[in-house]
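Engineer: 3D, please:
(one chain, ligands or ions: 2)
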Amino acid sequence: MFRLGVLLFLYVAAGGVVSPVLAQSKFKMGRKPKNVILLIGDGMGIAQIYAGFTANKGQLNMLSQAQFVGLHKTNSASHFTTDSGAGGTALSIGQKTYNGAIGVSKDSVEQETILESAEKQGLATGLVSTSSITHATPASFIAHEKSRSLDTEIAADFLKTDIDVFIGGGAKFFKNGPQGRNLVADLEKQGYQVRYTWQEAMQVNQGKLAALTAEEHNPKFSEGRGEMLPQSTTKAISLLKGNKKGFFLMVEGSQIDWGGHNNDLDYIVTETVDFDKACGEALKFAQADGQTLVIITADHECGGLAITGGDFNTGKVEGKFGSKVHTPVLIPVFAYGPGAERFTGVYENTEIYHKMMELLRLKK
Ligand code: MG
Ligand code: ZN
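Structural biologist: Ligands and ions are numbered 1, 2, ... in the order given. Predicted structure coming up:
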């Protein structure tokens, strides 16, 4: 078994002490969770994680609190190296598809996503993202379009579901939908409380919430996004957790990937540490709740990042980039809670969907 090996290596490499959290597991093997929280760091490979870990002076929730670790293989049906459409769709429908696809098979046929299966079978559902909520990763869980670039069509697809909570950018695609349709009015007709800043969204304490927190993408963390991602994660959990049959929530740290495309290590570090705070919120809930499985992973690596130096005392980190685009390397999966032991080993990205579906007892 692969349990804790990577974590122990990281801690030893850090000259640190192995956290007691690593050694204990309050969950019996073979138990099934009531809730699943899937956290995706877009473009977050092992070097991005290690950069964040170093900059944060040797501490990340995803490393210190994970109970089981695995690796997944990201290649798409059309390309050796995936994009976020095919990468997100592999996780949402359990099939490899072509780059750019959103919730459709490699033959462009619509496939029910895990979020839709969960919704149909009585679970509460949510999506949180620092990009536009219509961007490839969140879109993959709720929309069915041949191309990720169809933002207004993707926005309209939100109205075809019964999702309970979504928080992210993309207001302009809802205000002015396909053929000029006002999707905000339609959301309100369907009972959503629509809010336009994340701070206002935090005031909503019950009912359905559509928080469109930016015209398109939310700002970078370094340019004033504040606690939008961790607080939105906590808010989504608090709105979903009352559902008797459980919930499925996907949270994305979208912009780690953009730091990779820009070959900007500071951008990667600040976005990774912010994403890890959201992971910390999910893990804190799961620890108290005892019935929640938390899965932390990425869709692919971006930038071909190598860490070439650093200092845990000052948080200084140095790196070099081998690419301006995505790379095909294996991606870590960190799991916590009932069913976490199922995520050890090395497997295709599509297996994550099948494991989550089985653990939540969902049928397509
Ligand atoms: Mg993304
Ligand atoms: Zn990218």
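Engineer: now what about stretch 320-328, what contacts it?
Structural biologist: For stretch 320-328, the external contacting residues (Cβ atoms under 8 Å, 6 or more residues apart in numbering) are 43, 45, 74-75, 80-83, 257, 260-261, 263, 300-306, 308. C-beta coordinates here come from the backbone N, C-alpha and C atoms, glycine included.
Engineer: buried ones in it?
Structural biologist: Across stretch 320-328, burial judged by 16 or more other Cβ atoms under 10 Å covers F321, H326, T327.
Engineer: Could you list which of these belong to helices?
Structural biologist: Among the buried residues of stretch 320-328, no member falls in helices (criterion: DSSP state H).
Engineer: Tell me the secondary structure at F166.
Structural biologist: Three-state assignment for F166 (DSSP: H, G, I helix; E, B strand; the rest coil): strand.
Engineer: who's it bridged to?
Structural biologist: Here F166 sits in beta bridges with L127, A210, as judged by DSSP bridges.
Engineer: For this structure, which residue occupies the most central location?
Structural biologist: Centroid-nearest residue in the chain, with Cα atoms, centre = their mean: I40, separated by 2.4 Å.
Engineer: what pLDDT does that residue get?
Structural biologist: pLDDT for I40: 99.
Engineer: Got the phi and psi for it?
Structural biologist: The phi/psi pair for I40 (degrees, to the nearest 10) reads phi -120, psi 120.
Engineer: Can you tell me the element T233 falls in?
Structural biologist: Element membership for T233, per DSSP states H and E: helix 228-240.
Engineer: Please export the C-alpha coordinates of that helix as PDB.
Structural biologist: This file holds the C-alpha atoms of helix 228-240, laid out as PDB (Å, rounded to 0.1, in the frame of the first residue of the first chain):
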ATOM      1  CA  MET A 228     -13.300  34.500  -1.300                       C
ATOM      2  CA  LEU A 229     -12.300  30.800  -1.900                       C
ATOM      3  CA  PRO A 230     -12.000  29.500   1.700                       C
ATOM      4  CA  GLN A 231     -15.000  31.400   2.900                       C
ATOM      5  CA  SER A 232     -17.100  30.400  -0.100                       C
ATOM      6  CA  THR A 233     -16.100  26.800   0.600                       C
ATOM      7  CA  THR A 234     -17.300  27.100   4.200                       C
ATOM      8  CA  LYS A 235     -20.500  28.800   3.100                       C
ATOM      9  CA  ALA A 236     -21.300  26.200   0.500                       C
ATOM     10  CA  ILE A 237     -20.800  23.400   3.100                       C
ATOM     11  CA  SER A 238     -23.000  25.200   5.600                       C
ATOM     12  CA  LEU A 239     -25.800  25.500   3.000                       C
ATOM     13  CA  LEU A 240     -25.500  21.900   1.800                       C
END
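Engineer: Which neighbouring elements make contact with it?
Structural biologist: strand 124-132, strand 165-169, helix 198-201, strand 208-212, strand 247-253, helix 265-289 (3 or more Cβ pairs under 8 Å, 6 or more residues apart in numbering; DSSP states H and E).
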